[in-house]
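Enquirer: Quick one, fold the following:
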Amino acid sequence: MRVAVFTETFLPKTDGIVRVVCLLLDHLKLRGIEAIVVAPRIGDIKEYNGFPVLTVPSVTFPLYPELKFGPPTPYTYRDLLAFKPDIAHFIHPVAVGIPGMIMAKVMGIPTLASFHIDIARMADHFGVGFLRGFTDFATRTVFNWADYSLAPSRLIENEMRAIGIHNVGLWKRGVDAQRFHPRFYSAEMRRRLSGGCPEAPLLLYVGRLSAEKQVGQLRAVLDAIPEARLAIVGDGPERAALEEHFAGRSVHFAGYLQGEALSQAYASADIFTFPSALETFGLVVVEAMAAGLPVVSSRVGGIPDVVQEGVNGFTFEVNDTDGLIASVKRILETPGRLEAMRQQARAFAETQSWEAMMDEVIGHYERLIEQAHAHHHRETA
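Expert: You can find the predicted model right below:
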């Protein structure tokens, strides 16, 4: 099998979508499946794990400086023809994916589109909700043009169906429970993240520092629980504003962490706090649970699929800072609850294997290819 993967973002950028794409490619390699990647040109990357990466000329998106976008070119089509893919997978098709889907249709290969960006909710969040009718129309049109679509959570699956998208399945997110594990606890990392106060309760946020993540709401938790410390792992356009916002509070900005350092950061904290207003899934939440952290998160994306109230975490409505504070207090102030929830978080994460979930995607590839072949035989019979 030969798979062409079209993505709107790729390395060297680091975010949840890039991680999912890389995990997918790693699994295709494991299963002996050939692949080629089409992505915006950000750095000089030419290959990933032995797979060619076709980069297309891109420009900076004004409202999101880290995001590059641009359409494939005739050279892209030439290289795709040479690769001879059996199927094309589009990671939320927009600037790269929509022209790529046209190419796939011309080539006569089946197409699968997976949902990763809730553009309609982003429009609401950034005060341009009047565009929601257009964004729903565009999303419905593009995803219905694909032969099959995948949602990352039941919430998003229901929303996709509600706006008229047909043939939708579920591609749940998993976690590498060996990479993210309580054994990576590091006393030195805890001292670093807690500002030299390792005995204090340590809250953790991991993710982009952008407006929709609403990291600033965590200041209310520190005001309500002054003995607590907060570590923020990640970077983004809101970092300078957040550093000013948290001035005088016990907050450590760690920047981007990768590899073992990231594993240590997760395992060395006490509670994962996540007040985001917009998520399609929330991959970092399951990573935190794998490291043994109970989660206190807004009720967005796939969070309701993974957080069992009072068992491995608590959820609250978006912008309900009182609910956020109360949930953190319930974990810290109830004797034995933190340790019990740590164990439950880890136990749940151990059931969320990436391998099984990626095999389901390959199963969709195989089914769509078989259907395309059967359709071709009927037409030529």
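
Enquirer: Where does pLDDT dip in the stretch 251-381 of the chain?
Expert: 381 (pLDDT under 70).

Enquirer: can you pull out the helices in it?
Expert: 259-267, 283-290, 303-306, 321-333, 337-349, 354-380 (DSSP state H, counting those that start in this stretch).

Enquirer: Got the domain ranges for this structure?
Expert: 2-174+353-380, 182-349 (automatic domain parsing).

Enquirer: How far away from the center of its chain is the shortest one?
Expert: The offset between the C-alpha centroid of domain 182-349 and the centroid of the whole chain comes to 16 Å, using CA atoms, centre = their mean, to the nearest Å.

Enquirer: Could you work out the end-to-end span of it for me?
Expert: 12 Å (CA to CA, to the nearest Å).

Enquirer: Save the domains of the chain as TSV, and put in mean neighbour count too.
Expert: The way it works is simple: take the backbone N, C-alpha and C, and place the C-beta from them, glycine included. TSV is the format used below for the domains of the chain (neighbours: other CB atoms under 10 Å):
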stretch	mean neighbour count
domain 2-174+353-380	17
domain 182-349	19
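
Enquirer: circling back to that earlier point, of all the helices of the stretch 251-381 of the chain, which lies closest to V168?
Expert: Nearest to V168 among the helices of the stretch 251-381 of the chain is helix 354-380 (11.6 Å), distances taken as CB to CB.

Enquirer: Surely A224 touches I325?
Expert: Yes. With contacts counted by CB atoms under 8 Å, A224 reaches I325, the gap being 4.7 Å.

Enquirer: Could you dump the helices of the stretch 251-381 of the chain into CSV and include distance to G43?
Expert: Output for the helices of the stretch 251-381 of the chain, formatted as CSV (distance: least, CB to CB, whole Å):
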stretch, distance to G43
helix 259-267, 19
helix 283-290, 22
helix 303-306, 32
helix 321-333, 37
helix 337-349, 32
helix 354-380, 25
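
Enquirer: Out of those helices, the one nearest R31 is which?
Expert: helix 354-380 (6.3 Å).

Enquirer: Measure how the closest one sits relative to helix 283-290, angle-wise.
Expert: Counting by axes from the mean of the first three to the mean of the last three CA atoms, to 10 degrees, helix 354-380 lies at 140 degrees to helix 283-290.

Enquirer: so what does helix 354-380 touch, helix or strand wise?
Expert: Other helices and strands packing on helix 354-380, by 3 or more CB pairs under 8 Å, 6 or more residues apart in numbering; DSSP states H and E, are helix 16-30, strand 87-91, strand 111-114, strand 148-151.

Enquirer: Any idea which of the ones you listed gets closest to E360?
Expert: Taking those one by one with CB to CB, strand 148-151 is closest: 9.0 Å.

Enquirer: Can you pull out the residues in contact with the helix or strand that contains I36?
Expert: Assessed by DSSP states H and E, I36 sits inside strand 34-40. With CB atoms under 8 Å, 6 or more residues apart in numbering as the test, strand 34-40 has contacts from 1-10, 21, 25, 28-29, 48, 51-56, 58, 68-70, 72, 76, 79-80, 83, 85, 95-96, 100.

Enquirer: Paired strands for it, with orientation please.
Expert: Paired neighbours of strand 34-40 in the sheet (DSSP bridges): strand 2-7 (parallel), strand 51-56 (parallel).

Enquirer: Centre of the chain to stretch 79-97, how far?
Expert: On CA atoms, centre = their mean, the centre of stretch 79-97 falls 21 Å from that of its chain.

Enquirer: nearest spatial neighbour of V295, skipping sequence neighbours?
Expert: G313 (3.5 Å; CB to CB, 6 or more residues apart in numbering).

Enquirer: In this structure that neighbour contacts R299, no?
Expert: No. Counting by CB under 8 Å, G313 stays clear of R299, with 11.1 Å between them.

Enquirer: Identify the bridge partners of the residue nearest to Y365 when sequence neighbours are not counted.
Expert: Of all residues not flanking Y365 in the chain, I87 sits nearest, at 5.1 Å (CB to CB, 6+ apart). Listed by DSSP bridges, the beta-bridge partners for I87 are V3.

Enquirer: I362 versus I87, what's the distance?
Expert: For I87, the distance to I362 equals 10 Å [CB to CB, to the nearest Å].

Enquirer: what do these two both touch?
Expert: M1.

Enquirer: what's near enough to touch the nearest residue to E360 once chain neighbours are set aside?
Expert: Spatial nearest neighbour of E360, excluding adjacent residues (CB to CB, 6+ apart): W171 at 6.9 Å. Residues in contact with W171 (CB under 8 Å, 6+ apart) are S114, L150, A151, P152, M357, E360, V361.

Enquirer: mind checking how far W171 is from R161?
Expert: 15 Å.

Enquirer: try P237
Expert: From P237 to R161 the distance is 33 Å (CB to CB).

Enquirer: go on, L28?
Expert: Counting by CB to CB - L28 and R161 are separated by 28 Å.

Enquirer: cool, and R346?
Expert: For R346, the distance to R161 - CB to CB - is 33 Å.

Enquirer: try A265
Expert: 37 Å.

Enquirer: hmm, who's touching stretch 141-148?
Expert: Residues contacting stretch 141-148 (CB under 8 Å, 6+ apart): 90, 93, 97-98, 101, 110-113, 115, 149, 160, 164-169, 364, 368, 371-372.

Enquirer: sorry, back to before: can you redo the helices and strands packed on helix 354-380 as JSON lines, where the extra columns are distance to K329 and mean pLDDT?
Expert: Putting the helices and strands packed on helix 354-380 into JSON lines (distance: least, CB to CB, whole Å; pLDDT from 0 to 100) gives the following:
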{"stretch": "helix 16-30", "distance to K329": "29", "mean pLDDT": "94"}
{"stretch": "strand 87-91", "distance to K329": "39", "mean pLDDT": "98"}
{"stretch": "strand 111-114", "distance to K329": "38", "mean pLDDT": "98"}
{"stretch": "strand 148-151", "distance to K329": "34", "mean pLDDT": "97"}
